[in-house]
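In: need a 3D model of the sequence below.
(2 chains)
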Amino acid sequence: MSVNDSLVVVVLAQAVLYGTPLLYAALGELLAERSGVLNLGVEGMMLFGAAVGYWVTQSVHGADAPVLVLALVGAALSGAAMAAIHAFLTITLRASQIVSGLALTIFAGGLGLSAYFGAELDLASLPVTHQFASLDVLGLADLPVLGPILFDQSALVYASWVLTLLVAVYLGRTRWGLNVRAVGEAPASADAMGINVTRYRYIHVLVGGALAGIGGACFSLSIIPNWFAGDSLVNGAGWIAIALVIFAFWRPGICLVGAYLFGGLSALPSALQAHGVTIPPEFLYSLPYVMTIVVLVVVSTSLAKRRLGAPAALGIPYVREER
Amino acid sequence: MVEVTKRFPGVLANDAVSFEAAPGEVHALLGENGAGKTTLSNILTGLYRPDEGQIELFGEAVHFHSPRDALDAGICMVHQHFRLVEPFTVAENVVLGDHRSEGKSFFVHSPAIERRVAELGEQYGLGVHPRSRIWQLSVGEQQRVEILKALYREARILIMDEPTAVLTPQEAEALFVTLRAMAEEGKTVIFISHKLHEVTAVADRVTVLRGGRTVETVMASDATQRSLAALMVGREVDLGRSPERKQKPSGDVVLELDGVRVPGDRGGEALKGVALVLRSGEIVAVAGVAGNGQRELAETISGMRASSAGTIRVGARELHPGDPRDAIKAGVAHIPEDRLGTGLAPSLSISRNAAFKTYRTAPISWGPFLAVKRMAELARSLIKRYDVKAPGPETPARNLSGGNLQKLMLGREFHGDPKVLIAAQPTRGLDVGAIETVHGFLRDAASNGVAVLLISEDLDEILALADRVVVMYEGAIVGELDAASATVEELGYLMAGGEAR
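Out: Here you go, the predicted model:
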């Protein structure tokens, strides 16, 4: 047995695979939160993106690459459409971001639109026609250890690395990024300096929704290429992504590491079972969620002490002061 | 020529206000709170749109649809509450939202901006390090960043809204020098204030506003503080020091703090071993630049904040740290800085608010039940006795004006016959009439034997009311002066961290 088949390498490769949808969704949520809007609808947006992405691969015929790109576009647009509801409610109507986000998850998710959409089109009974396959772009897939973990993955994984870098540069080094951070930290100051708070928030919530849609499509087009009724496909990944943003202190780079950490926890149960390790599977399946809670507790207490990270205006609707 | 005319019916925050300011001029807008100064400046900076009238800039009518239009036209404003992004560096704040030259490039080039910020700082005497983060800076330094923003944008008109409220007298002097230097270069400075001595010190001309209308524009050199005050209030006012107090305080010690240490919100210590003694019947004022531990001091004594070391005694009784109820029982009354947030519940009625401190015991409560009628009676008696202008006891507190809220709160706090009264910024944001009333109540309290701790950033108020003044700097008491002989200069020196002489 080569080193590349060892349990550790398999789990790590799976960690990257399972971490990728988390990374997309978390980067999207990070952008929205940096502009000051908390969107708890990630789970719903992901599931809807997964459904639409899968549907596109079923209804469009052609070569793999263009169909899959089209499917991603569809997933992104559907995620953004869901986010638009949240944006309108919270930015224009200044509704509570928490209530609106929860409502969005229910509306778009496994009890709502996605389930209806899936059932109506009978997605679950359709055979898989297109999926993202592993792509050995640099010819490094046979490297020991690193090969299977990093270079025997799908285009979605490689693209997520580029995206992480782009988001980091955008927020940290560009004028627009500076404006976004100002809008999230001190909207009144940004407004006084001539930055259009409403526009910035809309754009970032919509982009956040698009990325959540793509994150959802990672499941239906790559990880478990198929559609299942209910919410079992995305299965809480949206909530993990929200926790991940906090875990990462709103930094894209840490998001990447965190996504693979949580991805690894999600992948662990099946990998262990395949290797014949007998631990009650329920315990293993609960790990990522237990970890989410632990992370939130730890991070919130240390946050409270140091006041690091969270955009100061996160969750607060902006109203120009009126008399 | 800059000419600004504005009409604004409806709420009438500004009623046909006009004034004009010339390049190279420091033009003061003088008026009490509620005279419409801030509304006017918000119109000038594009935050509000005028209902009627227009702004003329260098002879041309302009219409601002957003703050950006005003910025592009060269109008910058330094708000009373700074418009800065706290986690950002000075340079990042300066370049924020700028869409000319360096700001236009897609990537933010920090070194070039930092150099420019440093240059401007040197030129105008506004020294701040371009890489410091805003939250690390003192309030005075933050104000310099705001002015640097305007200079960086090459603003032609700078509006300063109550700029000295947060400064020591010495810092205010330095600010005036900067403003004069800007005016000499041909910029226009519009200086909004309600402090007479500042207006006469810095301005070329003064436009007085009252009740949303322009009263008159006068040359500062022709005006006296007395004539301006008369224009501002609409009647003759006595600007002298307070009338002599009847009795000299020499009571027993009622409040004693010893070595009190309190952790700060941002780490570090907000209070670093404060020792303080208050006797019955005296008013002790705490002077200091905002953010040097005064708020924490008030909150600690009233039990809203737990100390980590030291003792607080009221009479012989030692207070439990961080227990407001214990403090109330011991006889501590507290008028917090933030009236509507901490002091009162805005959406509850006056009668509920009036009963906040007494509802646990008879006669307001009856077993587990509240005696609603008695609460209303209490409220009615407070309304009458403290002259609160309100339709009735069931009016929600948020409908009251600042002065009436403060009277209601004073009434409630005095109701339980307190031994100690902590008054934090009791007159901030009130008009002259309400300030007189509040001062009167504080003096009455002291003559009735209450020990009053007055926390204020207004040195005139402190010198008018207090018997003793202690100065706080960076969480410690750095000096104590007799109010009768203390001067503003001396206090300012201590407030800036100078050694006692």
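In: show me the helices in the stretch 151-300 of chain A, by range?
Out: All helices of the stretch 151-300 of chain A, identified by DSSP state H, counting those that start in this stretch, fall at A:155-173, A:175-185, A:187-192, A:197-218, A:237-247, A:252-274, A:281-306.
In: buried sites along the first one?
Out: Neighbour counts over helix A:155-173 (16 or more other CB atoms under 10 Å in any protein chain shown) mark A:155-158, A:160, A:163-164, A:167-168, A:170-171 as buried. Backbone N, C-alpha and C define where each C-beta goes, glycine included.
In: where does pLDDT dip in the stretch 101-250 of chain A?
Out: A:229-230 (pLDDT under 70).
In: tell me which parts of it are close to chain B?
Out: A:173-179, A:181-182, A:185-186, A:188-196 (CB under 8 Å from any CB of the partner chain).
In: now those residues: which count as buried?
Out: Among those, those classed as buried by 16+ other CB under 10 Å are A:175, A:177-179, A:181-182, A:185-186, A:188-196.
In: that older thread, closest to residue A:78 out of the buried residues of helix A:155-173?
Out: Each of the buried residues of helix A:155-173 was checked against residue A:78 using CB to CB; the closest is residue A:156, at 16.9 Å.
In: quick one: contacts for that closest one?
Out: Residue A:156 makes contact with A:20, A:132, A:218, A:221-222 under the criterion CB atoms under 8 Å, 6 or more residues apart in numbering or on different chains.
In: of those residues, which is the most crowded?
Out: Counting neighbours by other CB atoms under 10 Å in any protein chain shown, the top entry in the contacts of residue A:156 is residue A:218, with 32 neighbours.
In: in space, what's closest to it - neighbours in sequence excluded?
Out: Across the structure, with CB to CB, 6 or more residues apart in numbering or on different chains as the measure, the residue nearest residue A:218 apart from its sequence neighbours is residue A:21 (3.7 Å).
In: test my guess that that neighbour contacts residue A:216.
Out: Yes: using CB atoms under 8 Å as the test, residue A:21 is close enough to residue A:216 to be in contact (6.9 Å).
In: show me where pLDDT drops low in chain B?
Out: For chain B, the stretches with pLDDT under 70 are B:1-13, B:33-34, B:100-106, B:109, B:235-250, B:266-267, B:499-501.
In: and the residue nearest the centre of it?
Out: Closest residue to the average C-alpha location of chain B: residue B:428 at 5.0 Å, with CA atoms, centre = their mean.
In: so it, which of the three states?
Out: Per DSSP: H, G, I helix; E, B strand; the rest coil, the secondary structure class of residue B:428 is coil.
In: now it: how far from chain A?
Out: With distances defined as CB to the nearest CB, to the nearest Å, the gap from residue B:428 to chain A amounts to 17 Å.
In: residue B:251 now?
Out: Computed with CB to the nearest CB, the distance linking residue B:251 and chain A is 42 Å.
In: measure how buried the closest residue to that residue other than its chain neighbours is and give me the count.
Out: Nearest non-adjacent residue to residue B:251, counting by CB to CB, 6+ apart: residue B:280, 2.9 Å away. For residue B:280, the neighbour count with other CB under 10 Å is 19.
In: same question, the one 3 residues further on
Out: If you count neighbours by other CB under 10 Å, residue B:283 ends up with 26.
In: ranges for the strands of the stretch 1-150 of chain B?
Out: For the stretch 1-150 of chain B, strands defined by DSSP state E, counting those that start in this stretch occupy the ranges B:2-6, B:17-21, B:26-30, B:55-57, B:60-62, B:75-78.
In: so which bits of the fourth one are buried?
Out: Which is strand B:55-57. Along strand B:55-57, the positions that meet the burial threshold by neighbour count (16+ other CB under 10 Å) are B:55, B:57.
In: so what are the sheet partners of it and their directions?
Out: Note on strand B:55-57: by DSSP bridges, its sheet partners are strand B:2-6 (antiparallel), strand B:60-62 (antiparallel).
In: residue ranges of the strands in the stretch 351-500 of chain B, please?
Out: When secondary structure is read from DSSP E, counting those that start in this stretch, the stretch 351-500 of chain B shows strands at B:365-366, B:369-370, B:420-424, B:451-455, B:468-473, B:476-482.
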